[in-house]
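Visitor: Based on what follows, work out the 3D shape:
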Amino acid sequence: MFRPTALSALGLAGAAALWEATTRTGIVAETDVPTLSSTLTAFGGLLGSAMFWTATGDTLRSWALGLLVSAAIAIPLGLAVGASDRAWRFIRVPVEALRPIPPVVILPLALLVLAGGIEFKVFLIAQGALWPLLIQTSYGVRHTDAVVLDTARSYRLDWWRRIVFVRLPAALPMVVIALQIAAATAFAISLATELVGGAPGLGQLLVVASSGDDLPQVYALTLAAGVFGLLVATAFGALHRLVVAGR
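Guide: As a prediction, this is how the structure comes out:
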């Protein structure tokens with residue numbers, strides 16, 4: 001029997017072979033999709049380009065800052081409202097009203113006010129990543145085992161200590177899952193702000209390559225963005241497994 005990693009590698013190899021074959025034989029025109037070999041050649045050129053790594057640094061810096069800002073707001077707020085029914089009822093309607101608004105809707109306003117700098121990117125990333133973190137954290141806190149809470153009260157732990165030593169550990173797996181979702185969302189928003197808003201980063205390089213009709217470069221940059229997105233998802237997935245294993 002095949003192991004999951006072997007099956008994944010086999011699927012990847014099959015997709016690569018299909019890509020190369022369809023473009024080489026003319027089933028798909030090279031003016032629409034470049035060959036895999038030319039894309040990989042362009043990708044190799046990117047790895048040796050200082051401009052590519054500078055753009056990557058811009059994208060990852062804004063991603064990390066936006067995620068950090070959203071976590072600094074959402075996790076403490078989620079702990080507080082999750083531990084209080086009154087607080088949850090107080091913010092529930094505003095949260096449900098604001099949560100569905102995608103960052104791209106407020107992008108023009110943010111661009112006008114913040115002028116397309118890193119503050120513009122961080123604001124939109126934080127706005128998009130905030131909601132999954134806030135909601136998942138509050139749900140995790142609200143579903144703390146009642147027996148554990150009663151035990152904490154019997155030991156006369158005050159509200160703050162119950163939050164830190166009881167509710168937060170109970171909510172931690174859900175918080176890490178929310179971080180994984182928020183990290184992927186934040187990375188996508190970071191690229192979108194560069195594509196649409198013209199902020200420096202990988203998205204801006206994609207716009208330049210597209211305007212020059214350099215298809216291999218466009219696909220190579222798209223591949224690079226996919227690789228970085230996969231690394232982000234893998235890192236936070238490993239963090240979640242570590243948290244679950246440590247419980």
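Visitor: ok, now which ones touch the most centrally placed residue in the chain?
Guide: For the chain, residue 184 is the residue whose C-alpha lies nearest the centre (C-alpha atoms, centre = their mean; 1.8 Å). Residue 184 makes contacts with 229, 232, 233, 236, as judged by C-beta atoms under 8 Å, 6 or more residues apart in numbering. Where C-beta positions appear, they are placed from N, C-alpha and C, glycine not excepted.
Visitor: ok, then the element right after the longest helix anywhere in the chain?
Guide: Looking across the chain with DSSP state H, the single longest helix is helix 50-82. Going down the chain from helix 50-82, the next helix or strand is helix 85-98, by DSSP states H and E.
Visitor: elements contacting that following helix?
Guide: helix 50-82, helix 118-142 (3 or more C-beta pairs under 8 Å, 6 or more residues apart in numbering; DSSP states H and E).
Visitor: So for the helix or strand following it, mean pLDDT?
Guide: Remark: after helix 85-98, the chain's next helix or strand is helix 103-114, criterion DSSP H and E. Averaged over helix 103-114, pLDDT sits at 77.
Visitor: Helix 103-114 packs against which elements?
Guide: helix 118-142, helix 168-197.
Visitor: re earlier: which secondary structure elements does the longest helix of the chain contact?
Guide: Contacts defined by 3+ C-beta pairs under 8 Å, 6+ apart place helix 50-82 against helix 85-98, helix 118-142, helix 168-197, helix 202-211, helix 215-245.
Visitor: Go again with 7 Å.
Guide: Packed against helix 50-82 by the contact rule (3 or more C-beta pairs under 7 Å, 6 or more residues apart in numbering; DSSP states H and E) you find helix 85-98, helix 118-142, helix 168-197, helix 202-211.
Visitor: If you compare the directions of it and helix 103-114, what angle comes out?
Guide: Going by axes from the mean of the first three to the mean of the last three C-alpha atoms, to 10 degrees, helix 50-82 is angled at 110 degrees with respect to helix 103-114.
Visitor: Give me the buried positions along helix 50-82.
Guide: 52, 55-56, 58-67, 69-71, 74-75, 77-82 (16 or more other C-beta atoms under 10 Å).
Visitor: can you state the direction angle for that helix and helix 168-197?
Guide: 140 degrees.
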